[in-house]
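Colleague: Here is my input; please provide its structure:
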Amino acid sequence: MKPLIILITTFILSFLAILILTGKYNFPLAGRIAMCVMLISTGIAHFVYTNGMIMMLPKFIPLRKPLVHLTGIMEIVAAITLLIPSWQFVTAIFLIAFFIVLLPANIYAAYNHINYEKATYDGDGLNYLWFRVPLQILFIVWIYLSAIRF
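Modeller: Below you'll find the predicted structure:
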């Protein structure tokens, strides 16, 4: 829920700031700025909630802690490169693939009732998927509309 709030709030603020500063509507730029802020916050979360995010990965996956840190770094780098015009398209394609690849970890976490912030097994469980799956789809569509088809 927090990433969605960050995304929408930042979009509205960015859109208004761009409109005030330029006098023009620029939905794609506001969308990229919002995604950038959201990705930086979720990337940082990989370092703040490392233990809980490790729990989101099945035990058979090796090097789970470095993988959590690597994906956090990838999110932060993608956030920055999303705002660089020459990297925008490649970053958008990467992020769409990234969001698709992350979905199984979210399904695993929901199935196992993982609360990644507390690193416990008292999470919302499968009900969380009714929110998370549409959220992943929203992220993919958001990237497409703001960075590929503009």
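Colleague: how near is the residue in the chain sticking out farthest from the centre to Ala17?
Modeller: Centroid-distance maximum for the chain: Gly23 at 29.5 Å, with Cα atoms, centre = their mean. According to Cβ to Cβ, to the nearest Å, Gly23 and Ala17 sit 12 Å apart. Where you see a C-beta, it was placed from the backbone N, CA and C, and this is true even at glycine.
Colleague: pLDDT weak spots in the chain?
Modeller: The chain contains residues with pLDDT under 70 at 150.
Colleague: Pull out the buried positions in the longest helix anywhere in the chain.
Modeller: Across the chain, the longest stretch assigned as helix under DSSP state H is helix 85-111. Residues of helix 85-111 classed as buried: 87-88, 91-92, 94-96, 98-99, 102, 105-107, 109-110 (neighbour count, 16 or more other Cβ atoms under 10 Å).
Colleague: chain center to it, what's the gap?
Modeller: Chain-centre distance of helix 85-111: 8 Å, with Cα atoms, centre = their mean, to the nearest Å.
Colleague: show me where the protein has helices.
Modeller: 2-22, 27-48, 50-55, 64-81, 85-111, 129-143.
Colleague: Compile the ones you listed into JSON lines and extend it with columns for distance to Thr120.
Modeller: JSON lines is the format used below for the helices of the chain (distance: least, Cβ to Cβ, whole Å):
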{"stretch": "helix 2-22", "distance to Thr120": "18"}
{"stretch": "helix 27-48", "distance to Thr120": "15"}
{"stretch": "helix 50-55", "distance to Thr120": "8"}
{"stretch": "helix 64-81", "distance to Thr120": "17"}
{"stretch": "helix 85-111", "distance to Thr120": "12"}
{"stretch": "helix 129-143", "distance to Thr120": "18"}
